[in-house]
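Have a look; sequence and predicted model below, questions after that.
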Amino acid sequence: GDHPLSSLGTSSTNGGTVSVERWSWIGIAALGVVLAVVAWFAYPGPQPAEQPRAREYRDYDVCLLTGDQGMAEPETKQVWDGLQQVSLQTKVRVSFLEVSGEQTEARAAQFVATQVQQRCGIIVAVGRHQVAAATAAAARYPDVRFVAINGTAAGPNLFNVSAGDSAPRVASLVPAR
């Protein structure tokens with residue numbers, strides 16, 4: 001303790017004595033804590049699994065027109081299932097509209113007009129009144145393609161198919177990109 005340099009290794013604070021070496025360890029520990037906290041907040045953590053993206057559709061609509069029974073009719077359900085496959089293959093949007101109210105050709109014609117206004121590129125009609133309305137509308141709307149399930153008339157934009165053959169026929173009518 002009498003050596004002139006013996007006091008270099010200590011510093012005095014309020015009467016207590018703490019070695020410089022101990023201050024160094026406290027500083028290193030504090031720095032480590034700060035770095036750990038910064039790393040904790042900076043690290044992004046486990047990334048959530050890649051979210052499935054919403055399907056990207058082309059700007060083209062295929063619309064199904066049904067009677068008021070809608071999907072309860074097996075033939076309609078078969079056609080709808082086929083249209084959903086067409087949508088997966090061609091990336092077009094598909095929708096359906098049930099004719100509500102009186103089940104007549106005149107009433108169905110109002111719903112055909114609605115689908116034309118909604119810019120349906122292909123209208124698929126299922127059921128006697130819907131097929132009759134679509135058949136009558138084909139000449140008035142030459143830019144729309146009509147598919148009549150079990151229809152009898154044909155025209156440049158009017159196609160008759162069975163329910164079972166509707167999906168490949170509709171897919172063939174979807175314009176190329």
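Noted; the coordinates are in hand.

Can you check which helix is longest in the protein?
Among the elements of type helix in the chain, defined by DSSP state H, the one spanning the most residues is helix 20-42.

and that helix, how far from the chain's centre?
In terms of C-alpha atoms, centre = their mean, to the nearest Å, the gap separating the centre of helix 20-42 from the centre of its chain is 49 Å.

List the buried residues of that helix.
Of the residues in helix 20-42, none are scored as buried under the neighbour-count criterion (16 or more other C-beta atoms under 10 Å). C-betas here are computed from N, CA, C, even on glycine.

Run a quick neighbour tally on Ala113.
Residues contacting Ala113 under the criterion other C-beta atoms under 10 Å number 14.

nearest spatial neighbour of it, skipping sequence neighbours?
Ala137 (7.5 Å; C-beta to C-beta, 6 or more residues apart in numbering).

I figured that neighbour hits Phe111, correct?
No - the pair Ala137 and Phe111 does not pass the contact test of C-beta atoms under 8 Å, sitting 10.1 Å apart.

Show me what the helix or strand hosting the residue nearest to Ala113 packs onto, helices and strands only.
In this assignment (DSSP states H and E), Ala137 forms part of helix 128-138. With contacts defined as 3 or more C-beta pairs under 8 Å, 6 or more residues apart in numbering; DSSP states H and E, helix 128-138 has these neighbours: strand 61-66, helix 105-117, strand 120-125, strand 145-149, strand 158-161.

hey, which of the ones you listed is tucked in deepest?
Across the helices and strands packed on helix 128-138, the average number of neighbours (mean count of other C-beta atoms under 10 Å) peaks for strand 120-125, which reaches a mean of 27.

now the angle between helix 128-138 and that one, please.
Interaxial angle, strand 120-125 versus helix 128-138 (axes from the mean of the first three to the mean of the last three C-alpha atoms, to 10 degrees): 140 degrees.

could you check the angle strand 61-66 makes with strand 120-125?
Computed with the same axes, to 10 degrees, the direction of strand 120-125 lies at 20 degrees from that of strand 61-66.

neighbouring strands for strand 120-125, and are they parallel or not?
For strand 120-125, sheet partners with direction are given as strand 61-66 (parallel), strand 145-149 (parallel), following DSSP bridges.

List the buried residues for the very next helix or strand once past the longest one?
Next along the chain after strand 61-66, taking DSSP H and E as the criterion, comes helix 74-90. In terms of neighbour count (16+ other C-beta under 10 Å), helix 74-90 has its buried residues at 75-76, 78-80, 82-83, 86-87, 90.
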